[in-house]
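A.B. asks: return a 3D structure for these sequence lines:
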Amino acid sequence: MTREPIGILHPGEMGISIAATMQSSGHTVYWASDGRSAQTRARAQQFALHDTGTLANLCEICPVIVSVCPPHAAEAVAANVLAHGFRGTYVDANAISPERAGHMAERFTAVGASFVDGGIIGGPAWTPRSTYLYLSGSAANAVARYFAAGPLETAVIGASPGKASALKMCYAAWSKGTTALLAAVLAAAEALDVRADLEAQWALDGSELAEEAAPRLRRVTRKAWRFEGEMGEIADTFAGAGLPDGFHRAAAGVYRRLTGFKGRDELPPLDEVLEALLLPRDLTGLPRPVRSTGQEHGLT
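C.D. replies: You can find the predicted model right below:
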């Protein structure tokens, strides 16, 4: 396969692993350092990405650009690429609704560019058969070859943009939605002073939740700032499919209360996570449950 210059937007924890797979598949990967953090610059330097300096230069040099960014920024990033005259193949590998992917595809097609919809399932792609990039669109088969050497796994699931995003949304609706529900359950149990009793009942039921709930909740704090936006995209996806969207909009609210843990090197203790979930009214507009002492009902 011809060695091609490919641009990556942006080499975060996930993006750099995507770039590494493209490198191992024989391609030169470029990025634009303008406005990026020192941490991102160090990561790009560590993996020997070629720096074009600006997005304008990246769009001029690379016939293919892969976007890996938080879902709330996906459309703005794509619009900036189009504004710099890019007319090549644009791969949006972000957690967005199929409707949003379809709208973006229309914008690229209207100016003669090619749009490929992508959905990533799994964490950063360092281990074979652990992270999957699903692709859909007319140029999806050509794009899949950019990742041929792995360890990122790819699969083309259709010729219409939006199908890859739909799969990602349905998968994350369960995997991340249930984590948000678990977080709310633990916080409610804590506020009502029955968390230890709940965990004891889980153990009696033979459920692994008694042991797994706390570590699962502590781990999710690292990505909660990204998951808030993703829950909104899932809600839009459900609404577009004619289903109630309220659960995942509420899940977005759960993750919103955990965004303050972004950038922490160490996982916070569970008590700190629960405290963040049980925010007072003046910060969230919602009342914080008050544990009953029985005094207000004359029970003591």
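A.B. asks: what about G246, how many neighbours?
C.D. replies: If you count neighbours by other CB atoms under 10 Å, G246 ends up with 11. For every residue, glycine as well, the C-beta is placed using N, CA and C.
A.B. asks: grab the nearest non-local neighbour of it.
C.D. replies: Computed as CB to CB, 6 or more residues apart in numbering, the closest residue to G246 that is not its neighbour in sequence is A235, at 7.7 Å.
A.B. asks: same deal with L198?
C.D. replies: Nearest one to L198, counting by CB to CB, 6+ apart, is A189 at 4.6 Å.
A.B. asks: buried set for the helix or strand L82 falls within?
C.D. replies: L82 belongs to helix 74-83 when elements are defined using DSSP states H and E. Of all the residues in helix 74-83, those buried under the rule 16 or more other CB atoms under 10 Å are A74, E75, V77, A78, V81, L82.
A.B. asks: do the same with stretch 3-15
C.D. replies: Within stretch 3-15, the residues scored as buried using 16+ other CB under 10 Å are E4, I6, G7, I8, L9, H10, P11, G12, M14, G15.
A.B. asks: which two of those residues have the greatest separation?
C.D. replies: Spatial extent of those (CB to CB) is set by the pair E4 and G12 at 22.4 Å.
A.B. asks: circling back to that earlier point, quick one: mean pLDDT over the host helix or strand of the residue nearest to L198.
C.D. replies: Counting by DSSP H and E, the element that carries A189 is helix 163-191. For helix 163-191, mean pLDDT is 97.
A.B. asks: from the contact counts, what lies against the helix or strand that that helix is followed by?
C.D. replies: Using DSSP H and E, the helix or strand that directly follows helix 163-191 along the chain is helix 195-204. Packing partners of helix 195-204 (3 or more CB pairs under 8 Å, 6 or more residues apart in numbering; DSSP states H and E): helix 163-191, helix 209-220.
A.B. asks: can I get these in TSV including mean neighbour count and distance to D245?
C.D. replies: Converted to TSV, those look like this (neighbours: other CB atoms under 10 Å; distance: least, CB to CB, whole Å):
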stretch	mean neighbour count	distance to D245
helix 163-191	20	10
helix 209-220	16	21
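A.B. asks: turn these into TSV, columns for distance to Y30.
C.D. replies: Shown next, in TSV, are these (distance: least, CB to CB, whole Å):
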stretch	distance to Y30
helix 163-191	24
helix 209-220	33
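A.B. asks: distance check, T237 against V81.
C.D. replies: Applying CB to CB, to the nearest Å, the value for T237 to V81 is 24 Å.
A.B. asks: again, but for I8
C.D. replies: 12 Å.
A.B. asks: overlap in contacts of the two?
C.D. replies: I65 (CB atoms under 8 Å, 6 or more residues apart in numbering).
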